[in-house]
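>>> A predicted structure for the sequence below; I have some questions about it.
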Amino acid sequence: MSGHLPVMLAEVLETLAPQAGQVIVDGTFGGGGYTRAILAAAPCQVIGLDRDPDAFARGKSLEQEIPGRFTMVQTQFSKLDELQAPIDAIVLDIGVSSFQIDQPERGFSFMQDGPLDMRMGKDGPSAADVVAHLSEAELSTLFHIYGEEREARRIARAIVTDRVATPYLRTSELAGVVSRVIGRKHQDHIHPATRVFQALRIYVNDEMGELERALVAAEAILPPGGRLVVVTFHSLEDRAVKTFLNDRSKEAVGSRHAPAQAGPAASFTLINRKPLNATEAEVASNPRARSAKLRAAIRTSAPARAGRVTGLSGVPTLDQIKRAA
Ligand SMILES: C[S@@+](CC[C@H](N)C(=O)[O-])C[C@H]1O[C@@H](n2cnc3c(N)ncnc32)[C@H](O)[C@@H]1O
C-alpha cells in the first residue's frame, strides 16, 4: 500500500507556527504527515483526529513511537470542540487520503474496481445505497450541486433506468454508466466519472456539513492568538472556508440604505487575504497539490459569533438537497 504525500506542508507549518508547549489539533490525521512535521518543528503536543478506523490504527502506532507527545482520537473533526483539552491551534486537510483512494475495497476510485462504498468512517449508508435509493431528481441535484456536473440530468436518468434491472454495486459499474452517457469528451479533460464520484463522496460523508460545523467549533474553542489553518481541494470547500473567514474577520455592517452600525467584533484576523497555492515544484512532484488552497486565520479576543454563517458557501445540506429535488 502506498503512503500519502502531505500537501503544502511548508506553508502549513509556516501559517500554523507551532510553538513549544502548545497543544495542536491535526483534525485530519490521515497518514500522519502533518502531525509528524509539527512534532518535529516544535516541542509541542499534537492531538490527531480521524473518522477512518484505518487512520486511527496508524495514529495508535504513532502514539507508541513517541509516547507522551501525541494522542490519537477516532472522531469526526466537527466534534473538535468536545475535546477535553485547551487547544492552541487547529489544522484541517480536507478530503480523502491516498491510503483511501489507493485501496479499491474502499470504493473511492473510479480507476480501480471495488465495492461502491466511499464511507470514510466505514459506517452509515454507502455510495451504493445512495445510488439505489435517491430519486432521479435527487441524484440529478446531487451531481449538479456537489459535482458541478453539467450532464447531471442525463446521468441521473440513465442510472435510474438501468438500476431496475441491475443495481449499481461496484465502482466500475457506476464509472461505466457515466462514461457511456458523457462519452469520452468530458469537460476539462478529466475522467468522465470524476465529478459524479466527487459528488457522491461529499454526500456520503456529509463533507460540507462536517466542514461548516468544524469551522464553528474551531471559533468556539480557540483562545485569542489561536491559529486555524485549512487546506481544501475543490471550489465548494474553498468557498465555504472563504465565506466563513471573510464573515468572521469583518467588523461593522452597513449599507447605502442602513447606515453602518457597530456589528459584532471580528473573531478572526486573516493571515493571508488570498488563499495560498502549492508551488509549481510541489505540483510537479505531487499532482494532487494542483487544486490545493490554504486559508489561515488567527483568533481574536472577541466572543465567538452565535451560529453558522447563513447560506454558507451557497451549498445546501443533505436535507435541502432532498427538499429541492
Ligand atoms: C487529505 S487526508 C489528510 C492527510 C494528512 N494531512 C497527512 O499529511 O497524512 C484527509 C483525512 O481526513 C479524514 N477526514 C475527512 N473528513 C473527516 C471528518 N469529517 N472527520 C474526521 N476525519 C476526516 C480522512 O479520513 C482522511 O484520513
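Thanks, I have it.

>>> list the contacts of residue 178.
In this structure, residue 178 makes contact with 110, 155, 192, 193, 196, judged by CB atoms under 8 Å, 6 or more residues apart in numbering. In this view, the C-beta of every residue, glycine as well, is placed from N, C-alpha and C.

>>> again, only using 6 Å
Shown in contact with residue 178 (CB atoms under 6 Å, 6 or more residues apart in numbering): 155, 192, 193, 196.

>>> filter those residues down to the buried ones.
Buried subset of the contacts of residue 178 (neighbour count, 16 or more other CB atoms under 10 Å): 155, 192, 193, 196.

>>> can you pull the pLDDT of the first one?
Yep, that's residue 155 we're talking about. We have a pLDDT of 97 for residue 155.

>>> what does the stretch 101-250 of the chain put close to the ligand?
Residues of the stretch 101-250 of the chain lying near the ligand by CB under 6 Å from any ligand atom: 120, 210.

>>> for whichever residue of the stretch 101-250 of the chain sits closest to the ligand, the count of nearby residues, please.
Evaluated by CB to the nearest ligand atom, the stretch 101-250 of the chain has residue 210 as its residue closest to the ligand, separated by 3.6 Å. A count of nearby residues for residue 210, using other CB atoms under 10 Å, gives 20.

>>> identify the residue spatially nearest to it, adjacent ones excluded.
residue 78 (4.8 Å; CB to CB, 6 or more residues apart in numbering).

>>> mind listing what the one you found touches?
Going by CB under 6 Å, 6+ apart, residue 78 touches 210, 213, 214.

>>> same check, this time on residue 122
Going by CB under 6 Å, 6+ apart, residue 122 touches residue 53.

>>> where's it, which helix or strand?
Applying DSSP states H and E as the criterion places residue 122 outside every helix and strand.

>>> next up, phi/psi of it, please.
Torsion angles at residue 122 (phi, psi; degrees, to the nearest 10) stand at phi 60, psi 30.

>>> returning to that earlier point: and the residue of the stretch 101-250 of the chain closest to the ligand, helix, strand or coil?
helix (DSSP: H, G, I helix; E, B strand; the rest coil).

>>> before we move on, the earlier item: quick one: the residue nearest to residue 210 and residue 213, what's the gap?
Taken as CB to CB, to the nearest Å, the spacing of residue 78 relative to residue 213 amounts to 4 Å.

>>> re earlier: the residue of the stretch 101-250 of the chain closest to the ligand and residue 94, how far apart?
9 Å.

>>> and the ligand, is stretch 8-28 touching that?
Yes: in this structure, stretch 8-28 sits against the ligand according to CB under 6 Å from any ligand atom; the contacting residues are residue 28.

>>> buried residues, that stretch. List them.
Judged by neighbour count using 16+ other CB under 10 Å, the buried positions of stretch 8-28 are 8-9, 11-13, 15-16, 18, 22-28.

>>> okay then, goodbye and thanks.
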